[in-house]
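Participant: this is a predicted model, with the sequence first.
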Amino acid sequence: MKFKKIKINRKLFYWTWRDISFLPYAWPEEKDFKSLPKPFFLYQINPDCPIGLESDDKEDFTNIIELTDSFDKLNLDKDLKKDLRRIEKKNADVKLVYNEKDALDKSKKWFLEIWHEDKEDMADWRRRLGLWKEKCYTISAYLGKELIAVHIAMSEKDTVFYMGCWWNKEYRSLSIPTFLLKKDIERAITKGFRYYDLEVGDESYKKKWPVIEKPTKYYAILTKELADYFGIKKYVRIEK
């Protein structure tokens, strides 16, 4: 397992798994902790993993939709149903293309515009892009001949994991990320998946869906100063 050093400021830093931010959840084993750089902090460990302590932070809780055999049978509230009908109509002219060649390369400009990746981050960016090209599938949305969004997801066993949507903000009125998310949930149901995982976070768009909230876990070997910074009460303490 490869590690990455995260700098908080000139004095504070910690080590973590390199790819934890790019893929859904971590599932460490005891052997992974035999030789760790310190201080070390691994977050967003799968809730079902026997290793780790449960997070108290709501931002680290899962958002898992348990799928039925029909989209219409999902326990959606009235407001969401109304929004989805409206969004469906607004996107009536949108054409979907599944696993389009170079979809991520065609849409990466929107991601880079949002996050303003600098030179130090570009190695991570290239790593993310490579991993997603290898492990994820995409749904491209076209309005006429113009690409306006790319939905990114990953499937594993009985679950689809939502990784994100890169989209043109000029088409904000179409609510295209929500439209593509609905289409992918419908697709997951058709293909027989049991769960659609919106991953961790307390973003409002995730909480609109009927999600299962479970605390993910963390593993921490920190100084008291770092533990205080993260608001962590349970950890293995090391001296500076």
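Facilitator: That came through fine.

Participant: where along the chain do the strands fall?
Facilitator: In the chain, the strands defined using DSSP state E lie at 3-7, 13-17, 40-45, 53-54, 64-66, 94-98, 137-143, 146-156, 159-167, 195-197, 211-212, 217-222, 236-237.

Participant: take the ones you listed and lay them out in JSON lines including mean neighbour count and distance to residue 85.
Facilitator: C-beta: built from backbone N, CA, C; applies to glycine. What follows is the strands of the chain, written out as JSON lines (neighbours: other C-beta atoms under 10 Å; distance: least, C-beta to C-beta, whole Å):
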{"stretch": "strand 3-7", "mean neighbour count": "12", "distance to residue 85": "43"}
{"stretch": "strand 13-17", "mean neighbour count": "19", "distance to residue 85": "42"}
{"stretch": "strand 40-45", "mean neighbour count": "22", "distance to residue 85": "34"}
{"stretch": "strand 53-54", "mean neighbour count": "14", "distance to residue 85": "38"}
{"stretch": "strand 64-66", "mean neighbour count": "19", "distance to residue 85": "18"}
{"stretch": "strand 94-98", "mean neighbour count": "15", "distance to residue 85": "15"}
{"stretch": "strand 137-143", "mean neighbour count": "20", "distance to residue 85": "18"}
{"stretch": "strand 146-156", "mean neighbour count": "20", "distance to residue 85": "19"}
{"stretch": "strand 159-167", "mean neighbour count": "21", "distance to residue 85": "20"}
{"stretch": "strand 195-197", "mean neighbour count": "21", "distance to residue 85": "20"}
{"stretch": "strand 211-212", "mean neighbour count": "15", "distance to residue 85": "21"}
{"stretch": "strand 217-222", "mean neighbour count": "21", "distance to residue 85": "38"}
{"stretch": "strand 236-237", "mean neighbour count": "12", "distance to residue 85": "51"}
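
Participant: so which residue is dead centre in the chain?
Facilitator: residue 163 (4.2 Å; C-alpha atoms, centre = their mean).

Participant: which non-adjacent residue is nearest that residue?
Facilitator: In space, and not counting its chain neighbours, residue 163 is closest to residue 152: 4.3 Å by C-beta to C-beta, 6 or more residues apart in numbering.

Participant: picking that back up, need the strands of the chain in JSON lines (columns: distance to residue 185 and mean pLDDT).
Facilitator: Listed next are the strands of the chain as JSON lines, based on distance: least, C-beta to C-beta, whole Å; pLDDT from 0 to 100:
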{"stretch": "strand 3-7", "distance to residue 185": "32", "mean pLDDT": "92"}
{"stretch": "strand 13-17", "distance to residue 185": "29", "mean pLDDT": "95"}
{"stretch": "strand 40-45", "distance to residue 185": "22", "mean pLDDT": "95"}
{"stretch": "strand 53-54", "distance to residue 185": "27", "mean pLDDT": "96"}
{"stretch": "strand 64-66", "distance to residue 185": "7", "mean pLDDT": "98"}
{"stretch": "strand 94-98", "distance to residue 185": "14", "mean pLDDT": "98"}
{"stretch": "strand 137-143", "distance to residue 185": "11", "mean pLDDT": "98"}
{"stretch": "strand 146-156", "distance to residue 185": "10", "mean pLDDT": "98"}
{"stretch": "strand 159-167", "distance to residue 185": "8", "mean pLDDT": "97"}
{"stretch": "strand 195-197", "distance to residue 185": "5", "mean pLDDT": "98"}
{"stretch": "strand 211-212", "distance to residue 185": "12", "mean pLDDT": "97"}
{"stretch": "strand 217-222", "distance to residue 185": "26", "mean pLDDT": "96"}
{"stretch": "strand 236-237", "distance to residue 185": "40", "mean pLDDT": "88"}
